[in-house]
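Novice: Fold the following and give me the result.
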Amino acid sequence: MRTSVFTLTALLISLIVHAQAPTLGAAAPFTIFSSTGAVGNTGTNSKFTGNIGTLSGAITIGVNVNGTLYNANAVTIAAAAAIGSAYQQLELTPPTDTQLALTSYTLGKQDTLHALVDSINVNTVLNDTLVLDGQNNANAVFIFKINGTFSTTSQATVLLINGALACNVFWEIKGALTTAVNTQLRGTFIVNSAAAGLASGTILEGRILTYTAGAITMNNVLTYLPTGCGSTVLTGPAAPNLGTVACYTLFTTNGANTNSGTTYLAGDVGTNVGLTTGYNPLLITGALHAVPDPSTAYAASDLTIAYNALNGLSTDIELLYPALFGNSLVLTPHTYLLNAATALTDTLFLNAAGNPNAVFVIKINGAFTTSTYATVALMNGAQAKNVYWKVEGATSMNDYSTMKGTFISNNGAMNLNIGVYLEGRGLSTTGALSAVSDSVVIPPLVCPIAALPLTWLSLRCIPNTSTVSLFWSVSNQFSGAAFIVEKSSDSRSFENLIDIPVRYEPTQSEHAYQATDPSPFKQNFYRIAYTDNAGIKTYSKIISAMVDGSTLSKLYSDGSDYYYATNKAEPGLSTLEVYDQQGRKVSSQSLTGSTCKILHPQSPGLYLVYVRTGNEKVFVSKLVYL
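Specialist: Numbering: from 1, shown residues only. Here you go, the predicted structure:
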């Protein structure tokens, strides 16, 4: 062990020498790269996050790669040049410590090292655990220059503590690199003029890069690029705007939406063509749109926009083996393409790398199915609201699957089989949708509410001897909404009179309603509040009615004009006169029937109405023009 002696030495030297990390340039996006030689993998359990490439040789991977494969092109030429430059930088970096063993040297055995440039002039073995201590300095650089081969024993580990980062660990190896089973390595390994072989169970947070010559072989390994050190923070593509369909958990633009069993929903459910049946309203935290209505029409339109946005995204990474999707594959924030029917088996991990706003888009050119108990798992800050799936065809989630994100099936049915838990949405542009004893919840977000489409077509009130009848008609109403008739004696303070539920008839463009005020004031003002299923209110104009049971004469309005109605004054012999507050007559008109429209004065304000028959004053009332 070198803990105490080397620590002191390194601390003293670090006051003078500050090692610089080499610049990787075009090689930085690669987790596996051979400048000259083939790259091969055996075993279907290998996982790679980062690009894989070779300047000269074949690439045989056989599994989905969270990155791009590059072979003998401009990208690999640039990467090979960058590896050569980085190797030379390491070669020219002076050591802070030199090991002079005659035949071989062992790293590990619980050694704890601080920032250093360690030069080892013989073949080196990593045994047990090598601890690299960053001493709470994220810029601490560790460089190992090995003039020989590098190998590991079973379960050998490089452990980083106190802020040490794998992106600041570099290994220059002038010989072959080989690992034993279940080795855990950290750092960027640049191997010169020799091959590299990673045994089953090897985990590498970093890179294997061979320079000048050297094939790379792997078997059931996990390699992934390190983060930090100025590496790009992945954000993924721009999320599509879901509009009003964001408030739906299960929705299809065209097709039946059916449920059997006990299904719990947090969000709206419906279809824009067909019926929505089998859902228990008591188990829905949201609106059940049993028949198409304006809300489903808006949702259908917005779903088309969202689909087009996803469909138009350019692909970052193509996953080449759709039939092997899942199987503990780890994806990072990108736009992915699977160019055939896809089956998700076991677990898919979505890793946001600490960015809670990172977006994942998975585009599938074919049908999508899952195995029983298939799982989409979120890690390192990933959120279901930022995950989107675009499926060209049908979607079938098998029994007891746990899915995350918004699924849009284009021209295909969507089936949620027994016990599916979906944190997200199931949406289809065209196709039946079915659920069987599932749980579906909208990810946390504020659902957008479309502008209320209600149109007031008519509104009037007719006073009777001791009651007032109100009549109104509307178009573009939402299913599940309600009308609240409110009344006032002074046009300022209103109270609820009666609630009238919406009657939605899909084939009708106009919907008529009526209500009765059984106990009106002498002077009455009415308005109607329309409340949609999200609790948003909009008001009608104010109308008024005068009730005088003794004379059977009355004054009422339609919100713009006033009317006088009577069965006492004799038409043709009676006169209606209007006076302002100064007592000046502003209008006079003869009554030609039992009902007449009062001439509108030029200015708003309070006015007095007199009706005379001969010299007898048969009616007096006040009216207000707003």
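Novice: domains in the protein, as residue ranges please.
Specialist: 3-224, 243-441, 451-550, 561-626 (automatic domain parsing).
Novice: Can I get those domains in CSV including mean pLDDT and distance to Leu234?
Specialist: No exception for glycine: its C-beta is placed from N, CA and C like everyone else's. Formatted as CSV, the domains of the chain follow (pLDDT from 0 to 100; distance: least, C-beta to C-beta, whole Å):
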stretch, mean pLDDT, distance to Leu234
domain 3-224, 90, 11
domain 243-441, 95, 4
domain 451-550, 80, 35
domain 561-626, 78, 59
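Novice: Just put the ones you listed in CSV and tack on mean neighbour count and distance to Thr235.
Specialist: Below are the domains of the chain laid out as CSV (neighbours: other C-beta atoms under 10 Å; distance: least, C-beta to C-beta, whole Å):
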stretch, mean neighbour count, distance to Thr235
domain 3-224, 19, 16
domain 243-441, 20, 6
domain 451-550, 16, 31
domain 561-626, 14, 54
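Novice: Distance to Ser231 for these - can I get that in TSV?
Specialist: Below are the domains of the chain laid out as TSV (distance: least, C-beta to C-beta, whole Å):
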stretch	distance to Ser231
domain 3-224	6
domain 243-441	9
domain 451-550	43
domain 561-626	66
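Novice: which one is Thr304 nearest to, not counting chain neighbours?
Specialist: Thr429 (6.7 Å; C-beta to C-beta, 6 or more residues apart in numbering).
Novice: gap between that neighbour and Ala394?
Specialist: For Thr429, the distance to Ala394 equals 12 Å [C-beta to C-beta, to the nearest Å].
Novice: Spell out which residues are contacts of both of those two.
Specialist: Here Thr429 and Ala394 have Ser409 as joint contacts, going by C-beta atoms under 8 Å, 6 or more residues apart in numbering.
Novice: Run through who's touching the host helix or strand of Gly53.
Specialist: Here Gly53, judged by DSSP states H and E, is contained in strand 51-54. Strand 51-54 is contacted from outside by 29-39, 59, 61, 65, 67-72, 75-76, 79, using C-beta under 8 Å, 6+ apart.
Novice: quick one: Gly57 and Thr188, what's the gap?
Specialist: Counting by C-beta to C-beta, the gap from Gly57 to Thr188 is 20 Å.
Novice: could you pull out the strands for the stretch 1-150 of the chain?
Specialist: 30-34, 39-42, 47-49, 51-54, 59-60, 69-71, 97-99, 104-108, 111-113, 116-120, 123-127, 129-133, 142-146, 150-152 (DSSP state E, counting those that start in this stretch).
Novice: just checking, Pro518 touches Ser469?
Specialist: No. Using C-beta atoms under 8 Å, Pro518 is not in contact with Ser469; the gap is 10.4 Å.
Novice: I figured Glu172 hits Ile146, correct?
Specialist: Yes. Using C-beta under 8 Å, Glu172 is in contact with Ile146, at 6.7 Å.
Novice: Surely Thr44 touches Asn327?
Specialist: Yes. Look at Thr44 against Asn327 with C-beta under 8 Å: they come within range, at 7.1 Å.
Novice: At the geometric centre of the protein, which residue do we find?
Specialist: Lys385 (2.9 Å; C-alpha atoms, centre = their mean).
Novice: wait, isn't that one in contact with Arg425?
Specialist: No. Using C-beta under 8 Å, Lys385 makes no contact with Arg425, being 9.9 Å away.
Novice: Tell me which residues touch Asn147, please.
Specialist: Asn147 neighbours (C-beta under 8 Å, 6+ apart): 119-122, 174-175.
Novice: Now render those as a markdown table, adding distance to Thr271.
Specialist: Output for the contacts of Asn147, formatted as a markdown table (distance: C-beta to C-beta, whole Å):
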| residue | distance to Thr271 |
| --- | --- |
| Ser119 | 71 |
| Ile120 | 69 |
| Asn121 | 74 |
| Val122 | 73 |
| Lys174 | 67 |
| Gly175 | 66 |
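Novice: Ile498: what secondary structure?
Specialist: Assigned with DSSP: H, G, I helix; E, B strand; the rest coil, Ile498 falls in the strand class.
Novice: Look up how far Leu470 lies from it.
Specialist: Distance of Ile498 to Leu470, computed by C-beta to C-beta: 9 Å.
Novice: now do Ala565
Specialist: 15 Å.
Novice: and Val624, what element?
Specialist: Here Val624 is assigned to strand 616-625, by DSSP H and E.
Novice: what does Gly593 give?
Specialist: Using DSSP H and E, Gly593 maps to neither a helix nor a strand.
Novice: Distance-wise, check it relative to Leu225.
Specialist: Distance from Gly593 to Leu225, by C-beta to C-beta: 88 Å.
Novice: Also Ile305?
Specialist: Applying C-beta to C-beta, the value for Ile305 to Leu225 is 35 Å.
Novice: do Phe521 as well
Specialist: 77 Å.
Novice: Equivalent analysis for Phe349, please.
Specialist: If you go by C-beta to C-beta, the gap between Phe349 and Leu225 works out to 15 Å.
Novice: got it, and Leu126?
Specialist: 21 Å.
Novice: next one: Gly255
Specialist: To Leu225, Gly255 is 43 Å away according to C-beta to C-beta.
Novice: Just grab the bridge partners of Thr112 for me.
Specialist: On the basis of DSSP bridges, Thr112 is bridged to Val131.
Novice: shouldn't it be in contact with Gly134?
Specialist: No. Assessed by C-beta under 8 Å, Thr112 is found out of contact with Gly134, at 11.2 Å.
Novice: how distant is the helix or strand hosting Leu350 from the center of its chain?
Specialist: Counting by DSSP H and E, the element that carries Leu350 is strand 347-351. Distance, stretch centre to chain centre, for strand 347-351: 16 Å (C-alpha atoms, centre = their mean, to the nearest Å).
Novice: Alpha carbons of that strand, as CSV, please.
Specialist: What follows is strand 347-351, C-alpha atoms only, in CSV (Å, rounded to 0.1, in the frame of the first residue of the first chain):
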residue,chain,number,x,y,z
THR,A,347,-36.5,-3.1,-18.5
LEU,A,348,-35.7,0.0,-20.4
PHE,A,349,-33.8,2.7,-18.3
LEU,A,350,-34.1,6.4,-19.2
ASN,A,351,-31.2,8.3,-17.7
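Novice: strands paired with that strand, and their directions?
Specialist: Partners of strand 347-351 in the sheet, by DSSP bridges, are strand 329-331 (parallel), strand 375-379 (parallel).
Novice: quick one, the next helix or strand after that strand and strand 347-351 angle?
Specialist: Downstream of strand 347-351, the next assigned helix or strand under DSSP H and E is strand 360-364. Calculated by axes from the mean of the first three to the mean of the last three C-alpha atoms, to 10 degrees, strand 360-364 forms an angle of 140 degrees with strand 347-351.
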